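K.L.:
please work out how this folds:
(2 chains)
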Amino acid sequence: MVSGLINANPVVYEKKERRLRNVATLPDEYVVEPIDQQEIFDHIRDIKDPEHPYSLEELKVITEDAIEVDDERSYVRVTFTPTVEHCSMATVIGLCLRVKLMRSLPSRYKMDIRVAPGTHATEAAVNKQLNDKERVAAALENPNLLDMVDECLAPSYG
Amino acid sequence: MELLDGNLELKEVHKLQGHTDRVWSLAWNPATTAADVPAVFASCSGDKTVRIWEQSPSTRSWDCKAVLEETHTRTVRSCAWSPSGKLLATASFDATTAIWENVGGDFECVSTLEGHENEVKSVCWNASGSLLATCGRDKTVWIWEVMPGNEFECLQVLQGHTQDVKMVQWHPTMDILFSCSYDNTVKVWWSEDADGDWSCVQTLGESSNGHSSTVWSLSFNAKGDKLVTCSDDLTLKIWEADIIRMQSGDGYASWNHLCTLSGYHDRTVFSVHWSRDGIIASGAADDAVRLFVESKDGLMNGPSYQLLFKKEKAHDMDINSVQWCPGEKRLLASASDDATIKLWELATLP
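P.N.:
So this is what the prediction gives:
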């Protein structure tokens, strides 16, 4: 079958069950709960893949384990796995992850977004671009690219 | 330097609010360094505006005197005053560079320089104010001649960088142009005779002890014989050249790596600026401002530099630009993603 898609037949995985966040035995509304791995995952699991009607979670582009977070140091690192090695959508996916977290997390947060080592043909170039904030700022002033990102971030009810 | 012996403090003296998005860059007006002229600087932002700030001589407070808007249609990335302080150049992601003139307190856009294919990232005047340089995403560096009547003519488009060019900077006394890039290098551009073509005479790359990631900014010491560069590789590097030889007309003297300041920064270093009295300030994505000076101890193995002071949490977010006021006082301005500008006084504690 001839297809214009980068990855015409991606493997689709089951979604993880949504857990309730741990509730303390004595709930105290004044205690600030630190941001954890699960919370970050909940922010990004439903981002739609730019090519397919599936979420990044369903395509295993992101998993909870691929999120490192240190709330005390206000630091998060998300490592994502493109579905194919030559995925030209990798920078768009990375941009979506960055934008979603920029909009969801407190501004004190520092963020690194990268592709999993060995999962992309131009890994170093993709990582460099995704973490150059001047390039990211310029990309987000591009209406076509911003539309694409916003479409992937639109709330889904899957 | 006597600074090393005292207890220092970098004291926040003003916090200026007004921009509604990240502040990318700022520039002190060089004509306002005299004691009897109020200090002025310009700042530019992701909010597409440029703001002009002036210090009141009586109250010492800072006021926004003008907002330059509705000219640039995208982020204004960089701004630079002409040496006379009469013209302000602003470089924007909208692919243009605007020239503004202060006419009786109002800033008028008197010229728009077009030519870059897309984002312009930096603009700089040479020491005499006769030339302007711009650079951008299209990997090129442009040299413009300043003509009478606010006309600007492109003299040459310099190609050589393999990725976008982050910053251009003229040498403080000679017409030598420096550009730094996403391709990890600094390139030096020079023209042997006054009317000749400019060409790349040196590339400071990883193989010559240069940086291993994007070079964001560079700055010269007062004499112009040393250069500091900063990078995404978390280091600062100091370079040196025999500038006396060049000034005497003996041809190009190359820049040599002197030392690397590593282990100080935790995230990308976006900005570096050398003060007239020898203090290097750096601003980084770890929200801290650091000050470095040449160390007395290192003379046996050549000069070395040491951390003089570190101000953690100088801003709530990334610091994009640090600039020393060219006047007498040790006054430093910093611009941040948190949309504010802060002014700091370096003071010695009793």
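
K.L.:
excluding chain neighbours, what is closest to A:Glu151?
P.N.:
Leaving aside its sequence neighbours, A:Glu151 sits nearest to A:Lys48 (Cβ to Cβ, 6 or more residues apart in numbering or on different chains; 7.2 Å). Every C-beta, even on glycine, is put in place using the N, C-alpha and C of the backbone.

K.L.:
per-residue pLDDT, the one you found?
P.N.:
What the model reports for A:Lys48 is a pLDDT of 95.

K.L.:
OK, contacts around it?
P.N.:
Under the criterion of Cβ atoms under 8 Å, 6 or more residues apart in numbering or on different chains, the neighbours of A:Lys48 are A:54-56, A:151-154, A:156.

K.L.:
helices of the chain, start to end?
P.N.:
I went with chain A, as the question did not name one. Along chain A, the stretches classed as helices by DSSP state H are A:37-44, A:90-104, A:123-130, A:133-139, A:143-153.

K.L.:
that's the wrong chain, I wanted chain B
P.N.:
Going by DSSP H, chain B shows helices at B:243-247.

K.L.:
quick one: low-confidence residue ranges for it.
P.N.:
Residues of chain B meeting the criterion pLDDT under 70: B:1-6, B:33-35, B:297-302.

K.L.:
coming back round to it: for A:Cys152, see how far away the residue nearest to A:Glu151 is.
P.N.:
To A:Cys152, A:Lys48 is 5 Å away according to Cβ to Cβ, to the nearest Å.

K.L.:
then B:Cys109?
P.N.:
With Cβ to Cβ as the criterion, B:Cys109 and A:Cys152 are 38 Å apart.

K.L.:
spit out the contact partners of A:Ser107.
P.N.:
Applying Cβ under 8 Å, 6+ apart, the residues near A:Ser107 are B:316-317, B:337-338.

K.L.:
and with 6 Å instead?
P.N.:
Contact analysis of A:Ser107 by Cβ atoms under 6 Å, 6 or more residues apart in numbering or on different chains lists B:Met317.

K.L.:
what about the residue of the stretch 101-250 of chain B found nearest chain A, neighbour count?
P.N.:
Relative to chain A, the nearest point of the stretch 101-250 of chain B is B:Glu119 (5.3 Å; Cβ to the nearest Cβ). Neighbourhood size, B:Glu119 [other Cβ atoms under 10 Å in any protein chain shown]: 23.

K.L.:
ok, and the closest non-adjacent residue to B:Ala288?
P.N.:
Distances taken as Cβ to Cβ, 6+ apart put B:Glu312 closest to B:Ala288, at 5.2 Å, once the chain neighbours are dropped.

K.L.:
next one: phi and psi at the one you found?
P.N.:
Dihedral pair for B:Glu312: phi -70, psi 150, per degrees, to the nearest 10.

K.L.:
how close does the residue most central in space within chain A get to A:Ile113?
P.N.:
The centroid of chain A falls nearest to A:Leu97 when counting by Cα atoms, centre = their mean (3.3 Å). As judged by Cβ to Cβ, A:Leu97 and A:Ile113 stand 5 Å apart.

K.L.:
kindly report the same for B:Leu16.
P.N.:
Computed as Cβ to Cβ, the B:Leu16 to A:Ile113 distance reads 32 Å.

K.L.:
give me the low-pLDDT residue ranges for chain A?
P.N.:
A:1-4, A:20-30, A:156-158.

K.L.:
what does it have sitting close to chain B?
P.N.:
Taking Cβ under 6 Å from any Cβ of the partner chain, the part of chain A that reaches chain B is made up of A:107, A:138, A:141.

K.L.:
any chance of those residues in a markdown table, with distance to B:Trp190 too?
P.N.:
Listed next are the residues of chain A next to chain B as a markdown table, based on distance: Cβ to Cβ, whole Å:
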| residue | distance to B:Trp190 |
| --- | --- |
| A:Ser107 | 43 |
| A:Ala138 | 30 |
| A:Glu141 | 34 |
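
K.L.:
just give me the closest of those to B:His265.
P.N.:
Taking Cβ to Cβ as the measure, B:His265 lies nearest A:Ser107 of those, at 20.4 Å.

K.L.:
ok, for B:Thr162, nearest residue in space, not its chain neighbours?
P.N.:
Closest to B:Thr162 by Cβ to Cβ, 6+ apart is B:Asp183, at 4.5 Å.

K.L.:
B:Gln202 contacts B:Trp189, doesn't it?
P.N.:
No - using Cβ atoms under 6 Å, B:Gln202 makes no contact with B:Trp189, being 9.0 Å away.

K.L.:
which residues do these two both contact?
P.N.:
Here B:Gln202 and B:Trp189 share no contacting residue, scored by Cβ under 6 Å, 6+ apart.

K.L.:
residue 62 - how many residues pack around it?
P.N.:
Going with chain A. Count around A:Ile62 with other Cβ under 10 Å applied: 23.

K.L.:
not quite, go with chain B.
P.N.:
Count around B:Trp62 with other Cβ under 10 Å applied: 21.

K.L.:
who's in contact with it?
P.N.:
Contacts here follow Cβ under 6 Å, 6+ apart; on that basis B:Trp62 touches B:14, B:16, B:53, B:55.

K.L.:
look up phi and psi at the closest residue to B:Thr185 other than its chain neighbours.
P.N.:
Closest residue to B:Thr185 apart from its sequence neighbours, by Cβ to Cβ, 6+ apart: B:Gly205 at 4.4 Å. Note on B:Gly205: backbone dihedrals following degrees, to the nearest 10 are phi -120, psi -180.

K.L.:
now do the same contact list for the residue of the stretch 101-250 of chain B closest to chain A.
P.N.:
If a contact means Cβ under 6 Å, 6+ apart, then B:Glu119 has A:138, B:93, B:136-137 as its contacts.

K.L.:
can you tell me which of those residues has the most neighbours?
P.N.:
Neighbours here mean other Cβ under 10 Å. Within those, the largest count is held by B:Gly136, at 27 neighbours.

K.L.:
so for B:Cys109 and A:Cys152, which sits in the more crowded spot?
P.N.:
Applying other Cβ under 10 Å to B:Cys109 and A:Cys152 shows that A:Cys152 carries more neighbours, namely 24 against 16.

K.L.:
test my guess that the more buried one contacts A:Cys96.
P.N.:
Yes - at 4.7 Å, A:Cys152 counts as touching A:Cys96 under the criterion of Cβ under 6 Å.

K.L.:
give me the common contacts of those two.
P.N.:
Contacts common to A:Cys152 and A:Cys96, judged by Cβ under 6 Å, 6+ apart, are A:Ile47.

K.L.:
show me what from the stretch 251-350 of chain B comes close to chain A.
P.N.:
Applying Cβ under 6 Å from any Cβ, one finds that the stretch 251-350 of chain B approaches chain A through B:Met317.

K.L.:
pretty sure the residue nearest to B:Thr185 sits against B:Asp183.
P.N.:
No - using Cβ under 6 Å, B:Gly205 makes no contact with B:Asp183, being 8.5 Å away.

K.L.:
which one of these two has more residues nearby?
P.N.:
Neighbours were counted for B:Gly205 and for B:Asp183 using other Cβ under 10 Å; B:Asp183 has more, 19 against 16.

K.L.:
now the more buried one: phi and psi?
P.N.:
Backbone dihedrals for B:Asp183, given as degrees, to the nearest 10, come out at phi -80, psi 10.

K.L.:
where's it relative to B:Ala95, distance?
P.N.:
Going from B:Asp183 to B:Ala95 by Cβ to Cβ gives 21 Å.
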